[in-house]
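Participant: one predicted model, sequence on top.
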Amino acid sequence: MQDETIRIFDGAVAIITGGASGIGAALGRELTKRGCEVILGDRQIELAEEVAAAIRHAGGKATAAELNAVDYDAVEALVYETVNRTGRLDYMFNNAGIAMTGPAIVYKIEDWNAVIDVNLWGVIHGVQAAYKVMLEQGFGHIVNTASLAGLLTAPGRLSYATTKHAIVGLSKTLRIEAAMQGIRVSVFCPGFVRTPIIDRCGKYGKVLKEPSPEQQEKLNQLVEKCKPIPPDIFAQKALDAVARNEAIIVIPSRNKLFWWFDRLFPEWNLWLTQKKLAEYI
């Protein structure tokens, strides 16, 4: 059970949940450029098929699979189907996620359940299904998509931040256990990336309380100040870090300054975040 048996990335096989759009689709495109075969799992099967077809047209190897990460049996079936067909699973990218915006007071319990089911249980399902296979074959790399909101606060996205913090904790802990078995684990903590989640929380997200036009304009200005990066640029940098087997992958790298500041001065950073938020509400 040696790490060197994993393929980085030429000749490798990867499953990507949430692979039809945003970061997932960008990872699929970049992985295939590097010689990896990808399976794009997503509820949006038509869109996943379009992405896979475009990849194949460009010379890459990609297939689409209808998948809801909330359904463990479906995730497990896709993992075993992939291994039975290809003989291996080098990478499991647990990337599916949704967001909701609004203050805590407007949440209903079903809103919490919806976010936790996709963002947290979806990752757990991918880990549970892939880890067993990777232990059997003696190699593999699990990569979970969290967020900068999994390292810092995210006012207005309470459930999102909750699940992303949980993913970071899961990934760090599993990384220690898995390393002793020759398995790698990393977690993505992206800042703002131009994906559907930025635009009203994406297809499956939800705006729980509509901002006023003035508030929306201020929030849009805040997002632009954070300089969102294109998902394809994110994928390039992220996969370079995966190849180096980095544990916590923060992109853009400038966001590491905010993370370090928060770790050094947590109370001060909470105060500063609250003060800055007041300018936008």
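Facilitator: Arrived safely, thanks for sending. Numbering: from 1, shown residues only.
Participant: can you name the element that comes right after the worst-scoring helix or strand of the chain on mean pLDDT?
Facilitator: Within the chain, no helix or strand scores below helix 213-225, which has a mean of 65 by mean pLDDT, DSSP states H and E. Using DSSP states H and E, the helix or strand that directly follows helix 213-225 along the chain is helix 231-243.
Participant: elements contacting the helix or strand following that next one?
Facilitator: Using DSSP H and E, the helix or strand that follows helix 231-243 in sequence is strand 248-251. Contacts defined by 3 or more Cβ pairs under 8 Å, 6 or more residues apart in numbering; DSSP states H and E place strand 248-251 against helix 158-179, strand 184-190, helix 231-243. Where you see a C-beta, it was placed from the backbone N, CA and C, and this is true even at glycine.
Participant: Leu40: which of those is closest?
Facilitator: The closest of those to Leu40 is helix 231-243. By Cβ to Cβ, the value is 13.2 Å.
Participant: what about the helices in this structure?
Facilitator: Counting by DSSP state H, the segments of the chain that form helices are 22-33, 45-57, 72-86, 109-115, 122-137, 158-179, 213-225, 231-243, 255-264, 266-277.
Participant: distance to Lys206 and mean neighbour count added to those, as a markdown table?
Facilitator: Output for the helices of the chain, formatted as a markdown table (distance: least, Cβ to Cβ, whole Å; neighbours: other Cβ atoms under 10 Å):
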| stretch | distance to Lys206 | mean neighbour count |
| --- | --- | --- |
| helix 22-33 | 17 | 24 |
| helix 45-57 | 19 | 17 |
| helix 72-86 | 23 | 16 |
| helix 109-115 | 7 | 14 |
| helix 122-137 | 16 | 21 |
| helix 158-179 | 10 | 19 |
| helix 213-225 | 16 | 12 |
| helix 231-243 | 22 | 19 |
| helix 255-264 | 26 | 14 |
| helix 266-277 | 21 | 12 |
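Participant: before we move on, the earlier item: take the helices and strands packed on strand 248-251 and write them to a markdown table, including mean pLDDT and distance to Glu110.
Facilitator: As requested, the helices and strands packed on strand 248-251 are exported to a markdown table (pLDDT from 0 to 100; distance: least, Cβ to Cβ, whole Å):
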| stretch | mean pLDDT | distance to Glu110 |
| --- | --- | --- |
| helix 158-179 | 97 | 11 |
| strand 184-190 | 98 | 27 |
| helix 231-243 | 98 | 30 |
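Participant: nearest to Arg88, out of those?
Facilitator: strand 184-190 (14.5 Å).
Participant: can you give me the buried ones in that closest one?
Facilitator: Across strand 184-190, burial judged by 16 or more other Cβ atoms under 10 Å covers 184-190.
Participant: can you add distance to Asn113 and give these back as JSON lines?
Facilitator: Listed next are the buried residues of strand 184-190 as JSON lines, based on distance: Cβ to Cβ, whole Å:
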{"residue": "Arg184", "distance to Asn113": "31"}
{"residue": "Val185", "distance to Asn113": "26"}
{"residue": "Ser186", "distance to Asn113": "28"}
{"residue": "Val187", "distance to Asn113": "23"}
{"residue": "Phe188", "distance to Asn113": "24"}
{"residue": "Cys189", "distance to Asn113": "24"}
{"residue": "Pro190", "distance to Asn113": "25"}
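Participant: widest-spaced pair of those?
Facilitator: Maximum distance among these (Cβ to Cβ): 19.1 Å, for Arg184 and Pro190.
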